[in-house]
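Enquirer: Sequence first, then the predicted structure:
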Amino acid sequence: MEQTSGPDGYSYLGPAGTFTEAALKQVAAAAGKPWHPVNNVGEALADVQEGRSVGAVIAIENSIEGGVTATLDALAARPGLRITGEYLVPVEFVLVARPGKTLDRVRIVNAHPVAYAQCRGWLERELPASAHIPSSSNVAAAASLFADATADAAIAPPGITDHFDLDVLARDLGDDPGAATRFVLVSRSTALPERTGADKTSVIVELPDEEPGSLLAMLEQFSTRGVNMSLLQSRPILGDAFNRYRFVIDLDGHVHDERVADALLGLRRYSPKITFLGSYPRADGRPVQYEAKHDDEVFIEARDWLRGILSGEPAAD
Ligand SMILES: O=C(O)C(=O)C[C@]1(C(=O)O)C=C[C@@H](O)C=C1
């Protein structure tokens, strides 16, 4: 794929060979378009917001490490962006070093913080005295071994040896062999992806100040409408030390589902600030399960009933 920028192109955490690039390879619309490697999530989102790219793929959650906080905060800080797709990438890691280095001589390890966190168990067992130098990506970690001699080894994707002349000192570093990272495609387009029946809706919600039970009241908006949450992650609101948090939430269903739309209306009335991030097809294609009492028809019938009352229609039996 052409690694350049262009307003019809896609930004991703580079350089080539990252897991983010593997996620971008799954984006059908990106095939044949320019791909623009960047150094961090903020830069990828700025490219989209400012029109240098049509879309960006960013890591949002890892199955071991949880929400990618840099992404959750960047989405909250940059209004006007929409999530239009979700992609899953299995992740596994190897420890690499320049030829000649052996495992017993590794003291300093270069790694992306999210990758490092996924390998904590292995590092504690095999390199208990090692120190960590953070890197902007897994591939940048490996590349740094050539740029300066501070780190002895790097944590990188197994395919790294296709790009660099490096020795693999150890394999399967991850604490969970089944680990995966969830990525999202972000764009400026406000056109909603079609409802598929296997969708997710993402929102960022702030709660009213100093109101006891306000978190429960937010959760009730979903539970009373039979809407399942698949992510609830709190992030501090900057400048409000230890006081206020925003919540990044993934819901099962599409905003075109009546129960989801109704829950969002409830939230909108209740929350001082709610950002709609998008409704999009789930990466795993799993159809959303819900009870019949939360079917579209039930909401529509209830609204029609009220409309009848308001328009003075005679009561039906
Ligand atoms: O460095 C990479 O390869 C990335 O794609 C970054 C990233 C992340 O940002 O979370 C993606 C997946 C892995 O879980 C670790 C790191």
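Expert: It's in. Residues are numbered from 1 along each chain as shown.
Enquirer: Around the ligand, pick out the residues from the chain.
Expert: Residues of the chain lying close to the ligand (Cβ under 6 Å from any ligand atom) are 13, 18-20, 59, 62, 68, 91, 112, 114-115, 137-138, 181. Placement of C-beta: from N, CA and C, glycine included.
Enquirer: can you rerun that using 8 Å?
Expert: Listed as neighbours of the ligand in the chain under the rule Cβ under 8 Å from any ligand atom: 13, 17-23, 41, 58-59, 62, 65, 68, 70-71, 89, 91, 112, 114-115, 118, 135-141, 157, 179, 181, 183.
Enquirer: Only whichever of those are buried, select them in ChimeraX.
Expert: This is how ChimeraX selects the buried members of the residues of the chain next to the ligand, with burial counted by 16 or more other Cβ atoms under 10 Å:
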select :13,17,18,19,20,21,22,23,41,58,59,62,65,68,71,89,91,112,114,115,118,135,136,137,138,139,140,141,157,179,181,183
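Enquirer: Which ones among the residues of the chain next to the ligand lie within helices?
Expert: Helix and strand membership here follows DSSP state H; of the residues of the chain next to the ligand, those in helices are 19-23, 41, 70-71, 114-115, 118, 138-141.
Enquirer: Does anything pack onto the lowest-mean-pLDDT helix or strand in the chain? Which helices or strands?
Expert: For the chain, the helix or strand with the lowest mean confidence is strand 66-67, at a mean of 92 (criterion: mean pLDDT, DSSP states H and E). Where contact means 3 or more Cβ pairs under 8 Å, 6 or more residues apart in numbering; DSSP states H and E, strand 66-67 is packed against strand 229-236.
Enquirer: Note down every partner strand of the next helix or strand after the strand it packs on and its orientation.
Expert: Scanning the chain past strand 229-236 towards its C-terminal end, the next helix or strand to appear is strand 245-252 (assignment: DSSP states H and E). When pairs are called by DSSP bridges, strand 245-252 turns out to pair with strand 199-206 (antiparallel), strand 229-236 (antiparallel).
Enquirer: Save those strands as TSV, and put in mean pLDDT, distance to Ala217 and mean neighbour count too.
Expert: Shown next, in TSV, are the strands paired with strand 245-252 (pLDDT from 0 to 100; distance: least, Cβ to Cβ, whole Å; neighbours: other Cβ atoms under 10 Å):
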stretch	mean pLDDT	distance to Ala217	mean neighbour count
strand 199-206	98	11	22
strand 229-236	94	14	15
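Enquirer: can you pull the pLDDT of the closest residue to the ligand within the stretch 151-300 of the chain?
Expert: Here the residue of the stretch 151-300 of the chain nearest the ligand is Thr181; by Cβ to the nearest ligand atom that distance is 3.9 Å. We note a pLDDT of 98 for Thr181 in this prediction.
Enquirer: show me the contacts for it.
Expert: By Cβ atoms under 8 Å, 6 or more residues apart in numbering, the residues touching Thr181 are Phe19, Ala23, Ala59, Glu61, Asn62, Ser63, Leu88, Val89, Val91, Val114.
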